[in-house]
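Peer 1: generate a structure from the sequence data that follows.
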Amino acid sequence: MKQVFLDIIENIPLTKNVYKMKLFGDTSAITASGQFVNILLDGLYLRRPISVCDVEDKVLTIIYKVVGKGTEQMSKMTEGKLDVLCGLGNGYDLTLSGDAPILLGGGVGVPPLYMLAKKLIAEGKKVSVVLGFNTADEVFYEKEFKELGADVTVTTVDGSYGTKGFVTTVMENTDYSYFYTCGPEPMLKAIYKTSKTSGQMSFEERMGCGFGACMGCSCKTITGNKRICKEGPVLKKEDIIWED
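Peer 2: Below you'll find the model as predicted:
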C-alpha cells in the first residue's frame, strides 16, 4: 500500500451515471489486475474504494458509478490532485487461467476485468468476455474489450441490447478453461452454481478503512473469515462459503 497524490487528467461520463476518470502520477504500487484504490475526498471521513480499470505509463484509469455523496462529488471534478491509497487488495491470479478463460462482469464489476483481459491476451490466451447490464443505456466498454482482441458478448436483463438474460445465460453455452468474475453478490452466487470449472471471484463490498484494520468487510471461507479489502477482494471459488 502506498499513499500518493495523483493529478486528474480526464473525467468523462460513459453512461448517465457511470464515469471514467484518468489520474497521472506514481502508480508503482499497483501490481495486479483486480486491485483497488481508496480515494480521500474533501469533507468526507471515509475514503471511497474504486477498482482499478487499467494502469499504463503512470496513468491510472478508474470507472465508477455515482451512487452517493462521494461519487457525486467525484463526478464534478475536472482538475486538481487526489489523495489516493494505491495497491490495495490481492488481485487476480493469472497462472490458473488455462488456455481459454471466460471473464464475466456485471455493471461496475466490469472495469477490473479490462486490465485482466489485456494481460491474459498478451500471454496468448483465448479470452471470452461477458458483460452484463440491466438495459441498453447502461452498457459501456464493449468496444474497448473488442479492441483488445477478446470475444465479447453483452447481455441485458430486459433484452434491449445484445443477448437477453444474465451473464450465466452465456456462460452455460460457452466452453472455457477457467473463469474470472466481478459483480454484485447475487451474480457471483449464480456464477458459482453455473460454473463448470474452478475460478476466481472479486467481491464488491462497503469498506471502512480499505486495508484490513477494521474487519468491517469480512466474508466466510473454509479457512475462516477473510477481509475483502485485505485477503480479497479476489477469492477462489472453492474457498467461499455462501450464506443463504
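Peer 1: packing partners of the top helix by length along the chain?
Peer 2: Selection of the longest helix in the chain by residue count, based on DSSP state H, yields helix 111-122. Judged by 3 or more Cβ pairs under 8 Å, 6 or more residues apart in numbering; DSSP states H and E, helix 111-122 is in contact with strand 48-56, strand 101-106, helix 142-148, strand 178-183. Every residue, glycine included, has its C-beta placed from N, CA and C.
Peer 1: can I get those in a markdown table with distance to Gly89, mean neighbour count and mean pLDDT?
Peer 2: Output for those, formatted as a markdown table (distance: least, Cβ to Cβ, whole Å; neighbours: other Cβ atoms under 10 Å; pLDDT from 0 to 100):
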| stretch | distance to Gly89 | mean neighbour count | mean pLDDT |
| --- | --- | --- | --- |
| strand 48-56 | 9 | 21 | 95 |
| strand 101-106 | 16 | 28 | 98 |
| helix 142-148 | 22 | 15 | 98 |
| strand 178-183 | 11 | 26 | 96 |
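Peer 1: and of those, who's closest to Val234?
Peer 2: Between Val234 and these, the shortest separation by Cβ to Cβ is 8.4 Å, and it involves strand 178-183.
Peer 1: quick one: mean pLDDT for the helix or strand just after the closest one?
Peer 2: Sequence-wise, the next helix or strand beyond strand 178-183 is helix 185-194, with elements assigned using DSSP states H and E. For helix 185-194, the mean per-residue pLDDT is 93.
Peer 1: buried residues in helix 185-194?
Peer 2: Residues of helix 185-194 classed as buried: 187-188, 190-192 (neighbour count, 16 or more other Cβ atoms under 10 Å).
Peer 1: so how far is it off the chain centroid?
Peer 2: Between the mean C-alpha point of helix 185-194 and the mean C-alpha point of its chain there is a distance of 16 Å (Cα atoms, centre = their mean, to the nearest Å).
Peer 1: same for the very next helix or strand once past it, what does it pack against?
Peer 2: Next along the chain after helix 185-194, taking DSSP H and E as the criterion, comes strand 199-203. Using 3+ Cβ pairs under 8 Å, 6+ apart as the contact criterion, the secondary-structure elements in contact with strand 199-203 are strand 178-183, helix 185-194, strand 234-236.
Peer 1: these: which one's closest to Thr15?
Peer 2: strand 178-183 (16.2 Å).
Peer 1: which one in this structure is furthest away from the centre?
Peer 2: Here the centre of the chain is the reference, and by Cα atoms, centre = their mean the most remote residue is Gly43, at 26.3 Å.
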